[in-house]
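Participant: Model the structure of this input:
(2 chains)
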Amino acid sequence: MEEEEIGHKGFDLRLMARLLNFLRPYMRWVVLTFVLIIIAAVVRQAGPFLTKIAVDDYIVPGDADGLTYLVMLYIGLLVAQFGVGYCQSWTTNMIGQWAMHDVRLQIFMHLQRLPMRFFDRTPVGRLMARNTNDVDALNELFTDGIVSMISDIFTIITILAYIFYMDVTLGLLICLALPVAFVATVWLQNKTFFAYRVARTLFARFSSSLQETVSGMEVVQLFGCEGRCVKRFEDANKEYLDARLQSTFYHAIYFPIMELGGILLSALVLWYGGAQVLDGEIQWGVLVAMLQYVPRFFMPIRDIADRFTVLQVAMASSERIFELLDTKPESLGGTVKADHLKGEIAFQNVWFAYNEDEWVLRDVSFRVAPGQSLALVGATGAGKSTVISLVCRFYDIQRGAILVDGVDIREWDVEELRRRIGVVQQDVFLFAGDIEDNISLGHPRISRQEVEQAARDVNADRFIDKLPNTYQHEVHERGSSLSVGQRQLISFARTLASGPDILILDEATASVDTETEMWIQDAVAKLMRSRTSIAIAHRLSTIRNADKILVMHRGQIREEGDHDTLLKQNGIYARLYQLQYQEE
Amino acid sequence: MSLNFFKPFAEYVYPHRWKIFWGLMLLLGTQAVQALVPMLMKWAIDTAKAGLDAGDLTGDVVDTITGSPMGDLQMYGALMAALGLVQWGMSFGMRWYIASVSRFIERDLRKLYVRHIVRLPLSFFQTQRVGDLMARATNDVEAIQRFFYFAYRLSLQAVLNFAISLVLMCIIDWQLALLALAPMPVMAFCARWVGQKVRVGYRRVQEQFAAVSSKIQENLTGMRMVKAFAMRPLEIVDFGILNEEYVTRNRHLIKIRSLYYPFTFLLSGVSMIVILWLGGLRVIEGSLSLGAFVAFNAYLLRMSRPMSMLGRIVDEYQRAVASLRRVEEVLKVSPQPDVTGGSTGDIGGEIEFRNTSFSYNGQRVLKDINLRIPAGSTLAVVGRVGSGKSTLARLIPRLIQADEGRVLIDGKPVEDIPLQTIRDATGYVPQDAFLFSDTIRENVALGAGAEGDVVRATEISQLAPDLHLFPEQLETIVGERGVTLSGGQKQRTAIARAVIREPRILIMDDALASVDTRTEEEILKHLREIMASRTTILIAHRISTVKDADHIIVLDEGRIVEQGSHDELVAHDGIYADMFRRQHLAQELESF
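Facilitator: As a prediction, this is how the structure comes out:
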């Protein structure tokens, strides 16, 4: 559970301006919405005014026909109100949807550009929350927050206009409510905003204490500290209750004040307005209409107070979204592109660390000639995986240089380069879709024939043909319906289908049945033949097939040569061989 | 709205019934007082109108209370103000009672939930995601709270308001009242229709939302793949299609949902027209007073607001019921069975496995284990990953339950010993030590042990030499919100945590894996001293850890395949001997 701290400023204008930027493409719709809001307010608040006309011009003088005409007009107005209200709701919500569509797309596109380092650090769940919950909060900010608030403000203005048109003195009397309501609302905001912030912090505290209890349940139960954990949770829960009761208390004061204001104002209007009528200063209808406007006047004021909470939550969400959008994307690289790579790779005195000063690679230099195959061996943590990540430029090195076809890797257009390099990962990731999609990866230029050819070349056809729907067989999340070996074969086919000039292979360590193992070995040999390849080898056959073996130890290259020479050296390789490969 | 609308919540409301009772009384009071206001307007206007029509403002002709129409007008105004003040106090009390109950229910539910889950068997937590268990305690409880805070009060208020207003309107003119309210059933019918359509549309939107979310999830999880295959443009197109579809489905939903609010306004508008027209005609006829006409208008306005909230009320109610169901799902899981009686001193430390088997996900992880560990001896367990070593150890403190055969402590089946007794007597150090976001001292003591004990425990576990590396030594806060410890430091903290309790049975489940060999030797040396009379089970990969144990067993695929002392096993030249040779090689490799 991540903390949902509220922004400290509450209402940040700069943030607001950035948010409004998302509405820019729909400016015409926004303008239309505002026009509709104004029309809706004028039409909706016309009722009491029409009542005034009805009372003064028809009811009191006793003109039944006139009243019927006026009622017809009212019906017309009601239909108009329905139409305008519907259109306004439609445009408001649609603008929200369009804008959120854009926000989601922008976040998604931005995420695609972020460096690998970012994903190493950030849990997927948090990024998911940005693109779902936070975007929803933004939508609410727009539809329930901003638009409704503007609509409320227009409603207040419209009511004031009707009131003043009818009678200025009574209008001024009703305006007395404004400063009182304003002060009360500001008071409530001040009180609750603070209480709200305290409550959110406490909420974060008890949810993290609960999360800890759940994650560490084994320790909790083994060491009998259930009581302590429960108590700690309950303390936070209790404090949370107190903080919440505080804001509940303020709300319980505020809303009755608004109700009281409404009744007092009605009483005042009745008293003063009634006297005016008796004095003949105003007509009956004016008094009747005024009495109807007073409660209508307080509704939008109360609603505005309610909307502030929505705004506060949404502000925190938008802050988080912008923080993500402001994360620096990975470098696009230089401009060098090629339709075809010769396939020469060279590391020149490469130093690299994921975290400052913890060198994972120290002064690594090697060269792979075009068409040559290289096997990387070494104990876990020796730096083999790092080498292949660097060839794909998932990370930038700190010192030295990596050259592909004699050109510094930083000069290459990153995506073009990656497109020419085929990677077989240890942990095969299958996308939801069918086998064909998972081999072609949705590339329109890879035809069904090519998919089948690739599958045949890596012996994957043998099991695919046996599947109920062959290439249209649906694969589920993380490919649980396929065996580990089958998934590896798909991953080979996928890489082959992309037609790479350089092959990178991170062999899986998981053991598979003998038959599949045979097919895999055969496929690996085929893949590595005829193109430059670098393999993190776990199979003896892969090592033997390689033109050159590089032995890594603690981030350095310690031995280099072919299998027989290295064995004779009786060094690291000889030990590794005995430890890891001898059984085969 | 069925009769047992609030029934699902009855159990949780019950403790706060008096608050609810007073809240309801006050609610009734506020509604009654508020309903009087239009009446006062009616009387005031009627008196004034009568006076004006008679051309008599002195009160000679017209029947007045104060003596003049003007005086009456002022009296009614003052009365209204007084009623306003009375209802202000009641309204505050009503809101405070009902709203605070929502907060109390929220607290109670969370309390109940947390107290319950700490008693659940660990197997429960293996089948649940932490996030989901959290969501029930946070989001779901919040949904229930929101319902009580808002919709609960509003629905009660709407019913009372409607009833009182209807009665008063009928008193004034029942025909007009019924005519004005005639559109209400139509409205209820239409609201239902719209509601159904909205539900269908909403479900379709939710489905698409799930599709969009899983696309994002897939993309993020497979980011390495996406980058390696330069799939960015394709992924954006894919996402774009799903995103478009989401908007399209939302558009269908909005098309219907946008009907709702204008529709409620339309219906209250129709009522207004009925009053304006028929009411107006009656005023012209003289069968209805102008004041009554005003009062009718005021009643209708008061009714229209809760009506327009009906959608929100139903929505929040449904959400709250669904959330309550999710919370109760967990509350219904039965806690781990336990017996009572006995005390820690009763445990001697002899452990025996008798034909013990254990299956996980349909796979037998332990098969027919027969083993006796005499009290005070040290047993070492070795074997490959997945050979069942941890499972064997976890059976002892009943972290898991054998499906066949038994586990006995001092000749007594573990199920017959109170959990508390077993666990107090056992010090279990898991491989992956869990630390709380608290000080090192608290993490070691976990509520037990005195000042001196903590220091001694850190010395035994060899955490003490590292303490000076932390800003506040024992008081340093570790974990998520504090200093991150290395794997080895975590393991040593966990060892200290077990040692401080002076357990009769110490289980080290691969607890020295992240500690270097020299420190390991120190720890084992210290442990040997204090564990001399206690039973110790050492699970390890390193031969150096286990070679001095009284008895060593080798597990393979859930069975004991070799056992004996170190020398016997090396001589036997089986799996153990092979491990011994390999580790020798690995050690050589280390030195390169």
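
Participant: just checking, residue B:512 is part of a strand?
Facilitator: No - counting by DSSP: H, G, I helix; E, B strand; the rest coil, one finds residue B:512 to be coil, located in no strand.

Participant: So it sits against residue B:545, correct?
Facilitator: Yes - between residue B:512 and residue B:545 a contact is recorded at 5.7 Å, counting by Cβ atoms under 8 Å. Every residue, glycine included, has its C-beta placed from N, CA and C.

Participant: between those two, what contacts are shared?
Facilitator: B:520, B:524 (Cβ atoms under 8 Å, 6 or more residues apart in numbering or on different chains).

Participant: and the residue of the stretch 451-584 of chain A found nearest chain B, which of the three is it?
Facilitator: Closest residue of the stretch 451-584 of chain A to chain B, Cβ to the nearest Cβ: residue A:575 (4.7 Å). At residue A:575 the chain is in helix, as set by three-state DSSP.

Participant: The closest residue to it other than its chain neighbours: neighbour count?
Facilitator: Spatial nearest neighbour of residue A:575, excluding adjacent residues (Cβ to Cβ, 6 or more residues apart in numbering or on different chains): residue B:589 at 4.7 Å. Neighbour count for residue B:589, taken as other Cβ atoms under 10 Å in any protein chain shown: 18.

Participant: again, but for residue B:266
Facilitator: Counted with other Cβ under 10 Å, residue B:266 comes out at 20.

Participant: remind me, longest helix of chain A?
Facilitator: Secondary structure of chain A per DSSP state H: the longest helix is helix A:64-113.

Participant: So is that one next to chain B?
Facilitator: Yes - using Cβ under 8 Å from any Cβ of the partner chain, helix A:64-113 reaches chain B at A:64, A:67-68, A:70-71, A:74-75, A:78, A:81-86, A:89-90, A:93-94, A:97-98, A:101, A:104-105, A:108-109, A:111-113.

Participant: about what we covered before: give me the distance between the residue of the stretch 451-584 of chain A closest to chain B and residue A:569.
Facilitator: 11 Å (Cβ to Cβ, to the nearest Å).

Participant: out of these two, which sits in the busier spot?
Facilitator: Using other Cβ under 10 Å, the more surrounded residue of residue A:575 and residue A:569 is residue A:575, with 20 against 12.

Participant: Not counting sequence-adjacent ones, nearest residue to residue 574?
Facilitator: Picking chain A for this. residue A:567 (5.5 Å).

Participant: Not quite, go with chain B.
Facilitator: Per Cβ to Cβ, 6+ apart, closest to residue B:574 is residue B:562, 5.1 Å.

Participant: and that neighbour, how far is that from chain A?
Facilitator: 19 Å (Cβ to the nearest Cβ, to the nearest Å).

Participant: mind checking the SS state of that residue?
Facilitator: Once three-state DSSP is applied, residue B:562 turns out strand.

Participant: Tell me how many other residues surround it.
Facilitator: 18.

Participant: Can you read off the pLDDT for it?
Facilitator: pLDDT recorded at residue B:562 is 82.

Participant: same thing with residue A:264?
Facilitator: 90.

Participant: and it, what does it touch?
Facilitator: B:81, B:84.

Participant: Repeat that for the one 10 residues further on.
Facilitator: Taking Cβ under 8 Å, 6+ apart as the definition of contact, the neighbours of residue A:274 are A:287, B:44, B:45, B:48, B:70, B:73, B:77.

Participant: Tell me where the stretch 301-450 of chain B has strands.
Facilitator: B:351-360, B:363-373, B:378-383, B:404-409, B:412-413, B:426-429 (DSSP state E, counting those that start in this stretch).
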